[in-house]
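A.B. asks: Sequence first, predicted coordinates after that:
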Amino acid sequence: MFDLQAILQGFTINLMYIWIIVIGVIFGIFIGIIPGFSTSNTLMVLLPLTLAMKIEPALIFMAAVYCGANMGGSVPAILINAPGEGGAVATTIDGYQMAVQGKGQQALVISNFSSAIGGIIGCAVALFATPSLAHLALRFGSVEMFVIVLFGLVLIAQIAANNLAKGLLAGFFGLLMGAIGFDHMWDIPRATFGLLEFYDGMPRIPAMIGLFAVSEALVMLEKTTIATAAQKMILGRQAFWEGIKETLAKWKLLLISSLTGLIIGAIPGTGASIAGFVSYQYAKSFSKNPDKFGKGAPEGVLAPEAANNSVTGGALVPTLTLGIPGSGSTLVMLIVMQAHGLPIGPRLFQAAPVTAYAVIIGLLLAHVLLIFIGLPICYRMAKLTQVPTVILAPIMMALVLTAAFAERKYFFDIILALFFGLLGYVMRKTNYPLHSLILGIILGPMAEDYFVRSMRLGSGSLLVFFSTPLVQVLWVLLIIVAVGPGLYRMLTKNKTIAVKG
Amino acid sequence: MNKTHIDLGELFIPASALLFAVYYISTVLGTPWEARAYPTVLTAGMIVCAAAVFIGSLVKKSEGAFSSPSLRMPHRKSVILFITSCLYVALMPVLGYLVSSLLFLIASLRKLGVTDKKLFIGLSVITGLVMYILFVMFMDMHLPGGFLPVPGEWF
C-alpha cells in the first residue's frame, strides 16, 4: 500500500527544490542532444557534486537530468537521423522522414509533448503501483529475459527492414559483436583481434555514433539540405498547434505506449530501446494506415517517445523497491543513495519513504516542466534541417567523432566510429537496418549473460527456453510478431486479387 | 531469355557477418560448452538468415549473371568527406586536436564547395572554439595534444 502522508511530504520537498529540477531538465536536454554523451556517464561525472548535496535534492536533480536527456535524445534523432540516446533509436524511423518532408518542428513538438505526457503517466502510475509492479518484475528470470531480447530483435527486424531475414541477420550480427571481449569466467579473449581496447567488450557509443551519425553525414551530402526543397517548411505556430493537436488526438495510443514503457521499464535491464520499438510496432499494427509508417507518420514519433520517457518511471520501480537498477542512470542513483547511508532494497520504503516518494515525484514534476522548457528549445532547433548539407556534414562529423572519445577516453574509439560509419553507409545502401545491428550490440552482453545462465539451469538443454508458462506466452507473441504481418499481407493480397478478379 | 542475376552488394553484409562469426568461433574453440554455446547458436541463426537473403537476392533479369546494383559508386561529396575525415583522424595525434580540427573543417568545407572565404574560415574557427569549450573545458576530456598541448591542459 502507498503512504499518502509520505507522498505529500515528498511533494513539498520537490516544491522547495523546483529550481533544481529546472536546471536538471535543461542540462539533461543538452546532454541528450549531443550523440555520445550518455546520461549515466554524465551522472557519474557529476557524482562529486551530487554526493556533496543533501540526499533529496541530489536524487531530484539526477531524476531531472535523466528525464531531460531522454527527451533530448530525440532531437538529433529527428533532425539528423542520429539518436542522442539508445531510447531514441525507434524515433529516427518516422521522425527523420518528417524532418525531410519539412515537418521537423512538428515532429519535435510531438516528441516533446508525448515524452512529457508519457513520463507523467509513467510516474503517476509508478507512484501508486510500485509494490505490484515490483512483484511483476520479479517473475522475469533469465530464461524470460533472453526471449524478451529475441522479441525485441524480431520486432525491430519487422519494423526497420522490408526483409525479415535481413533484419534478423543484422540483429544476430549485432548480438555477436556485442559479445566480444574478455570472458572472465573462462579466462579467454573472444574475437578481440588482439586489441586491448576490445577486452572490455564492444564500446556502444562509438558504434552508435558511427552507424548513425557518421554514415548520415556521408549520406546527407547527396542532398542540398535535409528538408527537401520541394517540401514547404512548416514552422512557427502552425507546426506547434499541429503537433499538439496530433498528440492529443491520439490519446489512446499515448496512454497504451506510456503503460507499455512503464511495464518494460520495470523489468530490470530491458531499457528504453526495446520499449520504443514495442510501442512503435503496436502503433503500426493497430493503425488505420500502417503503410504510412516509415514514411513520416506522426504516430511513429509519438509512440516510441511516450514509451521511452515512461520507462524512466518504470526504471525507478525495481531501483527503489528491490535495489536492482532498472537502467544505467538509476544505478548511479543507487550509488548516491548508498553513499548517503540509505538502506537499498525492500527496506527503503519503510526506512525512508519520504525520500523514495520524493524521487518519483521529482521525476513527475520534471516531465511537467519538460513541456515548458523543451518546447522553446525544439522550436528553434528545427531550422537545422534548412542548413546546406555541405556546411552541416563536416561540422557534424567533427563533433561526433570527438564525442566518440567521450565515453572511454580512448583515441581508438574515434577510429572505431569511423569504421562503423563506413559499415553503416554500406548497410544503408544495401537496405540492411542499422537499428537491428545497434540494438544487437546494446543488448549483446546482457543476452549472452541470460543465455548462459539459462543453459546452466537447463543443464545444457535448449528446452529450458520453453520451460515456464510465461516464457511459452512470450514465444507465442514472438511468433505472432515474426509471422503475423507477412501472413496478414499475403491474406489481404489474395483478397484484393479475388475482388479484382 | 531470363537469366538468374545475383546482387553482390546485398551479399556483402551476410558475407562479413559470417566471416566474423567464423573468426569468433575460432577464438572459443577448445573451451567448455558454456563458452561455445552462445556464438554457435547465433552463427546458426545467421546462416539461416544469410541463406534466406541469398535466395531473395536471386532476381530475374534479362542480362548478366553477377553484378552489384545496390552498391554503386558513392557520391563524390561523400567520398571527399570520408577521405578528409580519415586524414583528420590520422593527423590528430600528430598535429593535436585543435589544429587538426581547424584544418579538417577548413579543408572539408572548401572541398565540398563552400567558396566564401569568410564563411568557411569563420565557421571553422567558431566550431573549433565551441568544440574546445564543450569537450575540453566543460567535459574535461584529455584529447590528443600533438606537438602543441591543448590549452586547457596547460594549467
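C.D. replies: Nice, thanks for sending it over.

A.B. asks: A:Leu4 - how many residues pack around it?
C.D. replies: 10 (other C-beta atoms under 10 Å in any protein chain shown). C-beta: built from backbone N, CA, C; applies to glycine.

A.B. asks: And for the one 5 residues further on?
C.D. replies: By the other C-beta under 10 Å criterion, the neighbourhood of A:Gln9 contains 17 residues.

A.B. asks: And the contacts of the helix or strand that contains it?
C.D. replies: Element membership for A:Gln9, per DSSP states H and E: helix A:4-16. Under the criterion C-beta atoms under 8 Å, 6 or more residues apart in numbering or on different chains, residues A:21, A:56, A:60, A:127, A:353-362, A:365 lie in contact with helix A:4-16.

A.B. asks: Identify, from those, the entry nearest to chain B.
C.D. replies: Checking the contacts of helix A:4-16 against chain B with C-beta to the nearest C-beta, the nearest one is A:Ile21 at 21.4 Å.

A.B. asks: of all the contacts of helix A:4-16, which two lie farthest apart?
C.D. replies: Spanning the widest gap among those are A:Ile21 and A:Pro353, at 20.4 Å by C-beta to C-beta.

A.B. asks: Chain neighbours aside, what residue packs nearest to residue 43?
C.D. replies: You didn't say which chain, so I picked chain A. Distances taken as C-beta to C-beta, 6 or more residues apart in numbering or on different chains place A:Val332 nearest to A:Leu43, at 4.1 Å, with adjacent residues excluded.

A.B. asks: Hmm, no, I was thinking of chain B.
C.D. replies: The shortest distance from B:Thr43 to any residue that is not its chain neighbour, by C-beta to C-beta, 6+ apart, is 4.2 Å, and that residue is B:Ala21.

A.B. asks: May I have the helix holding A:Gln9 as CSV, with CA atoms only?
C.D. replies: Taking C-alpha atoms only, helix A:4-16 is exported to CSV below (Å, rounded to 0.1, in the frame of the first residue of the first chain):
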residue,chain,number,x,y,z
LEU,A,4,-0.2,9.2,1.3
GLN,A,5,1.5,11.3,4.0
ALA,A,6,4.9,10.4,2.7
ILE,A,7,3.7,11.3,-0.9
LEU,A,8,2.6,14.7,0.3
GLN,A,9,5.8,15.3,2.2
GLY,A,10,7.8,14.2,-0.9
PHE,A,11,5.7,16.7,-3.0
THR,A,12,6.6,19.6,-0.6
ILE,A,13,10.3,18.8,-0.8
ASN,A,14,10.1,18.9,-4.5
LEU,A,15,8.4,22.3,-4.5
MET,A,16,11.3,23.6,-2.3
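
A.B. asks: In terms of residue numbering, what are the domains of chain B?
C.D. replies: B:3-67, B:76-153 (automatic domain parsing).

A.B. asks: Show me the shaky parts of chain B.
C.D. replies: B:1-7, B:59-72, B:138-139, B:148-155 (pLDDT under 70).

A.B. asks: How about the stretch 201-350 of chain A?
C.D. replies: In the stretch 201-350 of chain A, residues with pLDDT under 70: A:227-236, A:268-271, A:326, A:345-346.

A.B. asks: Taking the centroid of the chain, which residue is nearest it?
C.D. replies: Just so you know, I chose chain A. For chain A, the residue nearest the mean C-alpha position is A:Gly87 (1.1 Å; C-alpha atoms, centre = their mean).

A.B. asks: Chain B, not that one
C.D. replies: B:Phe82 (8.4 Å).

A.B. asks: quick one: it and A:Leu221 touch, right?
C.D. replies: No - applying C-beta atoms under 8 Å, one finds B:Phe82 not in contact with A:Leu221, separated by 9.8 Å.

A.B. asks: re the thing from before, next SSE downstream of the helix holding A:Gln9?
C.D. replies: Counting by DSSP H and E, what follows helix A:4-16 is helix A:18-33.

A.B. asks: Might you calculate how far the helix or strand following that next one sits from the centre of the chain?
C.D. replies: Of the helices and strands lying after helix A:18-33 in sequence (DSSP H and E), the nearest is helix A:39-45. Distance of helix A:39-45 from its chain centroid, counting by C-alpha atoms, centre = their mean, to the nearest Å, is 16 Å.
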